[in-house]
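**Q** Okay, sequence plus prediction incoming.
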Amino acid sequence: MALNTINPTETNAWKKLEMHYNEMQKASMSELFQLDATRTEKFNLKWNDFLIDYSKNIINQETLQLLQELADEVGLKSAISDYFEGAIINQTENRAVLHTALRAQESAIINVEGQNVVSEIYEVKNKIKAFTNEVTSGARTGYTGKPFTDVVNIGIGGSDLGPAMAVEALQFYKNHLNVHFVSNVDGDHVNEVIKKLNPETTLFVIVSKTFTTQETLTNSETIKKWFLSQDFGTTQEDIAKHFVAVSTNIQKATEFGINPNNVFPMWDWVGGRFSLWSAVGLTISLAVGYDNFDELLQGANEMDEHFKTEEFDKNMPVILALLSIWYNNFFGAESEALIPYTQYLQKLAPYLQQGTMESNGKSVGRDGKPVNYQTGTIIWGEPGTNAQHAFFQLIHQGTKLIPADFIGFITPLYGDNDHHDKLMSNFFAQTEALMHGKTETQVQAEFDKQGVSAEKAKFLLPFKVFSGNKPTNTILIQKLSPKTLGSLISMYEHKIFVQGIIWNIFSFDQWGVELGKQLANSILEEINTKTVKNHDNSTAFLLNHFLINK
Ligand code: G6Q
């Protein structure tokens, strides 16, 4: 079934939201709190180990009501069913979108073109499990009989960012294996990694859905060449012991020298940026053990069920998506910040940048016509408290409205409460300060207390005032674990989906990325043959400068 093609701006709810925005644009959150002592009770969600307090937003109950009407009018409910049931919702590539099936229970029935895919998924999961156990136990060895000590994930984009983010996030749960990632075609990247490796004890996982990606193939060939260098006494046959692949293209992987038994299949209904739940997550499983990998999937599955079954007013991904639409489309916010108060989630923002911006960075509606409203939000962020010492200035006192998600955990993994209490006091203090700001009276009172002269106070006062009223969501989770990480990622995946449905765009293709792949290939040919062909003046000038000076 095809998704509908409703222009959201033509819905009744949108028109009502525009009028409502005129009333709300000057609303003060601090005042809203003063007027309603039960505000937080109304605007928080509790589910499993998650609490989301979204009361620090420029909303009232009518805002939420109208945003939900918008979701109803664009047919979100039936779109969610289509998504989970394997309908061809990636219409421009004629594919289902079923990363949710990868974390479904074994008893689930999910059909793609009339065939239940769950048993195939579990076959691959069992293969991941067996392989992981062989590597981590030392039963599987390299060409000199030594157990593996290092794993190198070779992939880019969706075949890199998810595993890299999750391995970093789950460092606390890691085993003895050293894990490395090679993604960029920049030769300096791969050479820096090679420098740290011993060929006898290193396992290479080539992750490429297509097995045609220039960066990944170039890096894999460079590593293969290094692996076969005479000093190591390796032979062609040893490749099969040290290289495995994750791909839909078994033939190409075999041509590289990989034993077909060591190719972990994936499916075209898994989009790269949503693929960490498939065999693309093999490196995660190797790094933290299969049971933890399975817990990650379990956590995602539980969030899937929440999203699929919960009413919109209690549904975490839906509420987060609607709030984001409110700021993006009515307040004209240009970006959103994502601030995890844990160093482990330092790669969360880059990871979700791909998920969010590759999915919803579209300007043509599902009806093939250009959209006349804003889509894709820009996501950025860094862990707190580091971010506070850097770009928070602009969030507090800049000219732009930047709604922010603050993600924090109640229990620290190493149990260091001294550090954790300091960390979390910053976490709570920031959202409070962003909301209340600091008034002239408060600043003046501080000056009086400090004995600042009247003249100096007059000069400094405007710079020390904070207007406040900056919206935040506080996402407070019990503890960072494979399971809660799975739920967190799944929550953001579904937020992306909801936004794409409301914006009437196709979230699961990426023609902009495909374009980049083609363009680079034709310029490479010109660099190889040292013949600069027809380009605009600037590009020709740059290419010539590069060729002359290289
Ligand atoms: C993700 C994108 C893109 C893709 C990479 C790698 O949704 O399509 O980031 O994952 O281009 O592609 P391969 O896995 O085919 O090498």
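**A** Yes, it's here. Residues are numbered from 1 along each chain as shown.
**Q** Only C-alpha atoms from now on, for both contacts and neighbour counts.
**A** Noted.
**Q** how about the helices in the stretch 1-150 of the chain?
**A** With DSSP state H, counting those that start in this stretch as the criterion, the stretch 1-150 of the chain has helices at 12-24, 29-35, 39-42, 61-73, 76-84, 118-137.
**Q** would S490 count as being in a strand?
**A** No. Using DSSP: H, G, I helix; E, B strand; the rest coil, the assignment for S490 is helix, not a strand.
**Q** residue contacts, the closest residue to it other than its chain neighbours?
**A** Excluding the flanking residues, the one nearest S490 by C-alpha to C-alpha, 6 or more residues apart in numbering is A300, at 5.1 Å. Neighbouring residues of A300 by C-alpha atoms under 8 Å, 6 or more residues apart in numbering: 103, 483, 485-491.
**Q** Try it again at 10 Å.
**A** 100, 102-104, 277, 294, 306, 482-491, 493 (C-alpha atoms under 10 Å, 6 or more residues apart in numbering).
**Q** Would you map the helices across the stretch 401-550 of the chain?
**A** 417-436, 440-450, 454-464, 482-502, 511-529, 537-549.
**Q** and these, which is most packed in?
**A** Ranked by mean neighbour count under mean count of other C-alpha atoms under 10 Å, the helices of the stretch 401-550 of the chain are led by helix 482-502, which reaches a mean of 23.
**Q** tell me the SS of V244?
**A** With three-state DSSP as the criterion, V244 reads strand.
**Q** hmm, back to that, would you mind telling me which of the helices of the stretch 401-550 of the chain is nearest E311?
**A** Minimum separation from E311 across these (C-alpha to C-alpha) falls at helix 482-502, 13.7 Å.
**Q** can you give me the offset of the helix or strand where A164 lies from its chain's centre?
**A** A164 belongs to helix 161-169 when assigned by DSSP states H and E. Centroid separation for helix 161-169 versus its chain: 10 Å, with C-alpha atoms, centre = their mean, to the nearest Å.
**Q** close to the ligand, is it?
**A** No. On the criterion C-alpha under 6 Å from any ligand atom, helix 161-169 is out of touch with the ligand, staying 8.4 Å away.
**Q** could you say what helices and strands that helix packs with?
**A** strand 178-182, helix 282-288, helix 348-353, helix 482-502 (3 or more C-alpha pairs under 10 Å, 6 or more residues apart in numbering; DSSP states H and E).
**Q** report the angle between the axes of the longest one and helix 76-84?
**A** Using axes from the mean of the first three to the mean of the last three C-alpha atoms, to 10 degrees, the direction of helix 482-502 lies 120 degrees away from that of helix 76-84.
**Q** now helix 482-502 against helix 161-169, angle please.
**A** Taking the same axes, to 10 degrees, helix 482-502 and helix 161-169 form an angle of 140 degrees between their directions.
**Q** anything in helix 482-502 near the ligand?
**A** No. Judged by C-alpha under 6 Å from any ligand atom, helix 482-502 makes no contact with the ligand; its nearest approach is 12.4 Å.
**Q** Run the chain-centre distance for that helix.
**A** Distance, centroid of helix 482-502 to centroid of chain: 9 Å (C-alpha atoms, centre = their mean).
**Q** Confirm for me that F428 is in contact with G408.
**A** Yes. Shown here, F428 and G408 form a contact pair, counting by C-alpha atoms under 10 Å, at 9.3 Å.
**Q** List the residues that are in contact with both of these two.
**A** T474.
**Q** would you list every one of the strands in the stretch 201-350 of the chain?
**A** 202-207, 243-247, 263-265, 335-340 (DSSP state E, counting those that start in this stretch).
**Q** For this structure, which residues are neighbours of the ligand?
**A** Close to the ligand, as judged by C-alpha under 6 Å from any ligand atom, the chain has residues 156-159, 208-211, 213, 271-273.
**Q** How about the contacts made by the residue in the stretch 451-550 of the chain that the ligand sits nearest to?
**A** Using C-alpha to the nearest ligand atom, the single residue of the stretch 451-550 of the chain nearest to the ligand is Q510, 6.2 Å away. Q510 is in contact with 92-93, 271, 357-362, counting by C-alpha under 10 Å, 6+ apart.
**Q** from those, which would you call buried?
**A** Burial by neighbour count, judged by 16 or more other C-alpha atoms under 10 Å, picks out 271, 357-362 from the contacts of Q510.
**Q** Among those, which one lies nearest to the ligand?
**A** G271 (5.1 Å).
**Q** Can you name the residues that contact the closest one?
**A** Contacts of G271 (C-alpha under 10 Å, 6+ apart): 90, 95-99, 158-159, 209, 508-510.
**Q** Before I go, just wanted to say thanks for your time.
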